[in-house]
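>>> attaching a predicted model along with its sequence, questions to come.
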Amino acid sequence: MGGKRERFRGSNRWRLSPGRAKQVQFIVLGLAPVLVYFFVFSIYPVFSAFHISLHRWGLLDLKRPFVGWDNYVWAFNDPVFWISIKNTLYYALYYVLWGTFLGLVLALFVNSLKEPFVTMMRGIVFMPVVTSMVAVSLMFVWLYQPMYGVLNYVLGLVGLGPYQFLNSSSQVMPSIVAMSVWKTVGYTMVLFLAGLTTIPSEYYEAAKVDGASGLRSFIHITLPLLKPTTLFVLVTGMIGGFQVFTQIYVMTGGGPGTASRTLVMHIYETGFKFFEMGRASSLAFVLFALVLVITIIQLKYFKADFEY
């Protein structure tokens, strides 16, 4: 009898009260649509894409045989793949460096202003962020136009140019980087402004009492306390840099030649121009692995910044 009573008590221990059971039921029913959406539109497509990457999967083919790692071997033996990797790394590196630097400079400048100039400058600089990337790309195609573009016209007034911004293999990537930085620097500025507002003013007052200059206060107070924001900007900027596509597609189509052909552009053309979905999927997983490795390196480098 004693053993049965103990087992009965143990089973009641996990039995929920009616009110608690309703709460759990409400939570489960509330999370179910989110979990279904996450599985259908996030988890399943990833496994499906990996499955496709292991097959010779042509959109127009009825037979799609299993080829194992052949698509990945093809990717690493493809010279265009390495060109696209080089262009992607170039774009991501300079886009992140210039975007972070200019965003910080603008944030420091706007933070030094008084109202209503802070709100006005913040709105002006942030305006390109909410503008369509296609619209901005088309605008810069017109600005970069060799004969009738505004930029070449202004440079011509001081005896420079005309420059073949989008038609020169040596100028096309810097030109696209400049456009992308102009488009997104307002977002970076807002992030740094938010970080600056979290720094207590007492730190600067104490440094001023100790005779520290503005530069020393910036180096020893502002920069260290902005490291979490800087990490976020670098990681998200690098991820976005590796996924660059819209401005390349609209402005150059990957040209001239392959001078601006990035990895996502290579994936797009492999899948939707040559209809090789298996090879395109393998390229997508290579891109995923590359972004993952670089993100881990960034997090490792800034590991100490999470400790405070």
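Cool, the structure landed.

>>> sec struct for the closest residue in space to Ala194 that isn't next to it in sequence, please.
Setting aside the residues directly before and after it, Ala194 is nearest to Thr229 in space (Cβ to Cβ, 6 or more residues apart in numbering), at 7.2 Å. In short, each C-beta sits where N, CA and C put it, glycine included. At Thr229 the chain is in helix, as set by DSSP: H, G, I helix; E, B strand; the rest coil.

>>> now for Thr229, how many residues are close by?
Residues lying near Thr229 (other Cβ atoms under 10 Å) number 22.

>>> wait, it touches Phe192, no?
Yes - look at Thr229 against Phe192 with Cβ atoms under 8 Å: they come within range, at 6.0 Å.

>>> so what's Ile296 scoring on pLDDT?
Per-residue pLDDT puts Ile296 at 92.

>>> contacts for the helix or strand hosting it?
Ile296 is located in helix 277-301, with elements delineated by DSSP states H and E. With contacts defined as Cβ atoms under 8 Å, 6 or more residues apart in numbering, helix 277-301 is touched by 49-50, 52-59, 64, 67, 71-72, 74-75, 81, 85, 231, 234-235, 238-239, 242-243, 263-264, 266-268, 270-272.

>>> gap between the two ends of stretch 139-149?
10 Å (Cα to Cα, to the nearest Å).

>>> packing partners of the helix or strand hosting Gln247?
Assigned by DSSP H and E, Gln247 belongs to helix 246-251. Packing contacts for helix 246-251, counted by 3 or more Cβ pairs under 8 Å, 6 or more residues apart in numbering; DSSP states H and E, involve helix 133-143, helix 172-197, helix 263-272.

>>> ok, which of the ones you listed comes nearest Leu29?
helix 172-197 (35.8 Å; Cβ to Cβ).

>>> if you count neighbours, what's buried in the closest one?
Using 16 or more other Cβ atoms under 10 Å as the test for burial, helix 172-197 gives 172-173, 175-193, 195-196.

>>> give me the distance between Phe41 and Leu193.
Here the criterion is Cβ to Cβ, to the nearest Å. By it, Phe41 lies 33 Å from Leu193.

>>> cool, and Val291?
Val291 is 27 Å from Leu193, by Cβ to Cβ.

>>> one step back: export the helices and strands packed on helix 246-251 to CSV and tack on distance to Leu31 and mean pLDDT?
Output for the helices and strands packed on helix 246-251, formatted as CSV (distance: least, Cβ to Cβ, whole Å; pLDDT from 0 to 100):
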stretch, distance to Leu31, mean pLDDT
helix 133-143, 34, 96
helix 172-197, 30, 96
helix 263-272, 33, 96
